[in-house]
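Novice: Kindly return the folded structure for what I paste below:
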Amino acid sequence: MPAIPVNRLQPGVFISLTDVGWLKHPFLLNQFRLASEKQIAALLEMGIKEVFWDPERSTAEPLPEASEHEEEMDFGGMALAGMLDEKRQRIARVQDQRDRLARREREFEQEAASASEVLKDMNSRPQEAHNKAQAMVNRMVDGLLGAESVAIHLVNMKGKDHGLAFHALNVMVLSLLLGQRLKLTAEEMRNLGQGALFHDAGKGEIPPRILRAASRTPPEEEFYRAHVGYGIKAVAGMKQMLTPARNIIACHHEQWDGGGFPNKLAGEKIPRLARIVAIANRYDNLCNPFDIKQAKTPAEALGMMFRQETKRYDPELLQTFVKTLGVFPPGSFVQLNNGAVGLVVEGNPDDLLHPLIMLHDPDVPRAEAILLDLRDTDLKVEASVSPATLPMAVVEYLAPRGRVDYYIEGAS
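Specialist: Numbers count the residues shown, from 1 in each chain. Got it, this is the predicted structure:
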């Protein structure tokens, strides 16, 4: 970028303050398009003589060079003071958001640990496992049923890996989100949550080599499909589990076009709650496969399900699922219209096009990464981007774990 004197700036010129440092200036971003004379006044008050500018991202040309005899305007300190105060308020709001997201991550970790215990105890202590599962589902359902709108969070887990519990918890959360959108009754939601939590209960009987295989021989595929029957057997001791929840375990691999298993049910013959879990299960498996190199971004996963696999799912439920997660689901890498790259960390249920973004900025430590609520800016998401097209440093800054886990505001 070429340098330009500050006194030649005008609104519409795109500038970079990366060399100044984010904490040393009053603006929200290090790179942005000037929107007002107030911003230029603040730069002058800071004593900055020149800045770098980007002609390609500017919508206006710099002013002509000033005459030597022109009297320079006297810019007071009010503009700078006012903007610094606004930035302090923004930083306080970001810290509140950061604290809230951290609470959600702690809650998710606690729930993942609980889910791990439930799955471990279902054979030896089935009634105790069922009671714990019921309590977990009730917490989620009560939070969802009492909420007018629901914020979906991306969870950046740093704790212990709970194996299949992560998948079980994700499928339960995603299923309940879809169930809430469909306005299911409280009883339906509780059956949905229990069935989703235990949908893969039989996978403990399948050798990891077969579970993790990218492709299977016919005998291996037959063995893999047996996890459905093993799942029904695994929950047999849970006498209080109702038939709708058991049917989720039995039917979550059935497909709308009749191509699923184990019974090749089709259309509305598949229990509705099982059709919901089938969508949530496939989505999470695409985002979080055993081989992380095969992982789809949330936007890619939805696109694949909607365009290439649509015959497998109840079309009405699939459309509602897409609307539930939004145009840019949490976990999506996105490019903003100013060229910046970020990660969607929270959806905005009232305005799906303006989510909460974590911005990549190498000059800001990741622990202090800028959280940008697009509702507070004139920026917008220009496109989803694949992490495969981004430098590794950007991907590791934004999503070091490589997993996509979800939690719900007010779900505990």
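Novice: Please tell me how far residue 114 sits from residue 186.
Specialist: Remark: distance between residue 114 and residue 186 (CB to CB, to the nearest Å) = 21 Å. In this view, the C-beta of every residue, glycine as well, is placed from N, C-alpha and C.
Novice: Which one's more surrounded, the two?
Specialist: Here residue 114 and residue 186 are set side by side on neighbour count (other CB atoms under 10 Å), and the busier one is residue 114, at 18 against 12.
Novice: SS state for the more buried one?
Specialist: Per DSSP: H, G, I helix; E, B strand; the rest coil, the local secondary structure of residue 114 is helix.
Novice: which residues are contacting the longest strand along the chain?
Specialist: What stands out as the longest strand in the chain, according to DSSP state E, is strand 341-346. Contacts to strand 341-346, defined as CB atoms under 8 Å, 6 or more residues apart in numbering, come from residues 101, 151-154, 328-336, 355-360, 371-372, 385, 390, 394, 398-399.
Novice: Distance from it to the middle of the chain?
Specialist: A distance of 8 Å separates the centroid of the chain from that of strand 341-346, by CA atoms, centre = their mean, to the nearest Å.
Novice: What is the burial count for residue 239?
Specialist: 9.
Novice: Tell me which residues touch it, please.
Specialist: residue 127.
Novice: Was I right to think residue 237 contacts residue 127?
Specialist: Yes. Under the contact definition of CB atoms under 8 Å, residue 237 touches residue 127, with a separation of 7.0 Å.
Novice: any idea where the helices of the stretch 301-412 of the chain begin and end?
Specialist: Taking DSSP state H, counting those that start in this stretch to define them, one finds helices in the stretch 301-412 of the chain at 315-325, 392-398.
Novice: ditto for the chain
Specialist: Counting by DSSP state H, the segments of the chain that form helices are 37-45, 78-121, 126-145, 164-181, 186-197, 208-212, 218-225, 227-234, 243-251, 272-287, 298-307, 315-325, 392-398.
Novice: ok, now which ones touch the residue most central in space within the chain?
Specialist: Note on the chain: the residue nearest the mean C-alpha position is residue 330, at 1.7 Å, using CA atoms, centre = their mean. Applying CB under 8 Å, 6+ apart, one finds that residue 330 lies in contact with 152, 153, 154, 298, 344, 345, 346, 347, 355, 404, 406.
Novice: Compute the number of surrounding residues for the residue lying closest to it once chain neighbours are set aside.
Specialist: If the residues on either side of it in the chain are set aside, residue 330 comes closest to residue 154, at 3.8 Å by CB to CB, 6 or more residues apart in numbering. Residue crowding around residue 154 was assessed by other CB under 10 Å; the count is 26.
Novice: cool, and residue 44?
Specialist: If you count neighbours by other CB under 10 Å, residue 44 ends up with 18.
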